[in-house]
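Chemist: Attaching a predicted model along with its sequence, questions to come.
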Amino acid sequence: VPIDPGLPQERREYILKNSKVGIVLTQSWLNEQLSWPEGVIRLCVNDQDLSNQSKEPLEAVQTPDDLAYLIYTSGSTGVPKGVMINHRGAVNTIIDINQRFDVSPSDRVLALSSLSFDLSVYDIFGTLAAGGTIVIPKASCDRDPAHWAQLIVDHKVTIWNSVPALMQMMVDCAGDKPQVLANLRLVLLSGDWLPLTLPTQIKALVEDVQVISLGGATEASIWSILYPIKAVDPAWKSIPYGCPMANQRFYVLNEFLEPCPVWVPGQLYIGGIGLAMGYWQQEAKTAASFITHSRTNEQLYRTGDLGRYLPDGNIEFLGREDFQVKVGGYRIELGEIEAALVQYPAVSKAVVTVAGTQLSEKRIVAYVVPDQEISSDQLRSLLHEKLPEYMIPSAFIFLEVLPLSSNGKVDRRALPNPEVFLQELEVTYVAPQNDIEQSIANVWQTVLPLEKVGVNSNFFEIGGNSLLITKIYSNLKNVLPNEVEYISLVDLFNYPTISALAKHLSQAQKVASSEPQKSELIKQLDIGKNRLKQKLKKSKTAHLWS
């Protein structure tokens, strides 16, 4: 059961208790820093006692049908649900990828995905199964493309595996320096819409690289379908979803579970040995999502996605049919965010949507009907206690009532346009007052993109999100290298206005510039202390011998 230590305490403890974890592998500093449910045994991997244990491989006692891992995904009821994958399904996907793309001991994979995201299953076990090397970014720089670039060069990384948004950041960072990505031979992209321009941008930097689009579901052992991108057809509206992988099946079916003709949209179903064993301790949800076809008796997973067959046999992905979305590669049930919001006494009703059509512009917007006065910052702070960062709305719009349709349901199409609404509510424009503020404003305007940004505007309330903030950080390092040297990506979250960030940059630089003086002073004090010790030692010796 992989658990990201960065998750909110409430969510982390829910997963530990719900999965009935008995033993946790962790590190000593995390063991001390985090709270743990009663009875959970912690083994610290950096414990000296563990390092003295036998390193001989243990005898395998598992069978292919045993549970291999549980990964928790967003749930519509307000709590995450655990997806059960057996060894057979996981191994099938890994063997297919490794054989198909000749992954070998000479390969090195940059592990960018959170352990809570199933792409990490391939990063770890796919790489180790081939005898390859896993290159892990520093935790403090895991969303810094400049750090990735350095790792790729230093460790000669050959395989990239991530959501498209992270690859887009890497391409933007590499710019006109193709040598940065020169060692890459294989790029695996999945988890979200793939921009039509991205494959061409990648191949402009690395001519012979293989770019592969993959798809599927956490409920079907990482990936079930793929499409090798050789050239992008100008007539395409999206990159084809592709054809099923080895021992897996993908179907486009109508409401009667009959195959749809070419070009006719239908629901996407997955079959084959990659299917999950179901949802951990949730029989009703398992029965609703994992069905048995009435005529073929084949077990199928209903993805909730729409697609259609193309004349060449490939499948085209057409999006979701419900309120589940993907933002930044993470699968999110909007209902879980709504459920978290209405738990607060100050919130009467809440509806959550996704705004933006382009990959980099997608952001979560919450429409809230308050029962008492509450601010966006207060709601954001409260949600951080329950939800991971990628599920926190970037904007909150307060309404007196939610628009309803004739049948009494919330009319989502009648909700105010967030772009227009937020512009009307934006704080009074205050122009940059100095060079640092102007430089930051220029970067924000380019990335968001906006015509102008006031120094008191909150980054997250004018279109920003966690993916864009990493792009901001990368750009600032080029524009203000001396100032940004002394801050981390986390500081951009803590200082979300231009004014606050500029002050923090100036202060951090002042503190850093005073360090050499402090170091010299400490050095002189140490010299003085040593001299004093020597004198005292001589004095003491003389007294003893007299």
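Modeler: Now that the structure is in, tell me what you want to look at.
Chemist: Below-threshold pLDDT in the stretch 51-200 of the chain: ranges please.
Modeler: 76-77 (pLDDT under 70).
Chemist: All the strands of it, residue numbers only.
Modeler: Listed in chain order, the strands of the stretch 51-200 of the chain (DSSP state E, counting those that start in this stretch) span 67-73, 81-86, 108-111, 133-135, 159-162, 186-189.
Chemist: wait, residue 281 sits on residue 72?
Modeler: No - with contact defined as CB atoms under 8 Å, residue 281 does not count as touching residue 72 (12.0 Å). Glycine gets a C-beta too; all of them are placed from N, C-alpha and C.
Chemist: and residue 24, which of the strands of the stretch 51-200 of the chain is closest to it?
Modeler: Taking CB to CB, strand 67-73 is the member of the strands of the stretch 51-200 of the chain nearest to residue 24, at 13.5 Å.
Chemist: got the contact list for residue 167?
Modeler: Each residue near residue 167 by CB atoms under 8 Å, 6 or more residues apart in numbering is listed here: 160, 187, 189, 198, 202.
Chemist: Out of the residues you listed, name the two that are farthest from one another.
Modeler: The distance between the two most remote of the contacts of residue 167 (CB to CB) is 12.0 Å, for 160 and 198.
Chemist: those helices in the stretch 401-546 of the chain, which residues are they?
Modeler: Ranges of helices within the stretch 401-546 of the chain are 418-425, 435-447, 466-479, 481-484, 489-494, 498-545, based on DSSP state H, counting those that start in this stretch.
Chemist: Apologies, that question was intended for the stretch 101-250 of the chain.
Modeler: Applying DSSP H, counting those that start in this stretch to the stretch 101-250 of the chain gives helices spanning 119-121, 127-129, 145-155, 164-174, 198-205.
Chemist: and the ones you listed as a markdown table, adding distance to residue 291?
Modeler: Formatted as a markdown table, these follow (distance: least, CB to CB, whole Å):
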| stretch | distance to residue 291 |
| --- | --- |
| helix 119-121 | 25 |
| helix 127-129 | 32 |
| helix 145-155 | 41 |
| helix 164-174 | 30 |
| helix 198-205 | 35 |
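Chemist: right, and these - which one's nearest residue 59?
Modeler: Nearest of these (CB to CB): helix 127-129, 18.5 Å.
Chemist: Mind giving me the packing neighbours of the closest one?
Modeler: On a contact count with 3 or more CB pairs under 8 Å, 6 or more residues apart in numbering; DSSP states H and E, helix 127-129 meets helix 87-100, strand 133-135.
Chemist: any idea how far that helix is from the chain center?
Modeler: A distance of 22 Å separates the centroid of the chain from that of helix 127-129, by CA atoms, centre = their mean, to the nearest Å.
Chemist: how about that helix: buried residues?
Modeler: For helix 127-129, the neighbour count (16 or more other CB atoms under 10 Å) marks residue 127 as buried.
Chemist: what sits up against that helix?
Modeler: So helix 127-129 is contacted by 94-95, 98, 103, 107, 109, 111, 133-134, 159 (CB under 8 Å, 6+ apart).
Chemist: Buried only: go through those residues for me.
Modeler: Of these, these count as buried by 16+ other CB under 10 Å: 94, 98, 103, 107, 109, 111, 133, 159.
Chemist: mind exporting stretch 216-224 as CSV, just the C-alpha atoms?
Modeler: Listed next in CSV are the C-alpha coordinates belonging to stretch 216-224 (Å, rounded to 0.1, in the frame of the first residue of the first chain):
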residue,chain,number,x,y,z
GLY,A,216,-6.2,2.7,-19.3
ALA,A,217,-7.2,2.8,-15.7
THR,A,218,-5.8,2.2,-12.2
GLU,A,219,-8.4,-0.6,-12.2
ALA,A,220,-6.6,-2.4,-15.0
SER,A,221,-2.9,-2.6,-14.0
ILE,A,222,-1.5,0.8,-15.0
TRP,A,223,-2.0,0.7,-18.8
SER,A,224,-4.2,-1.4,-21.2
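Chemist: mean confidence score for that stretch?
Modeler: Per-region confidence: stretch 216-224 scores 96 on mean pLDDT.
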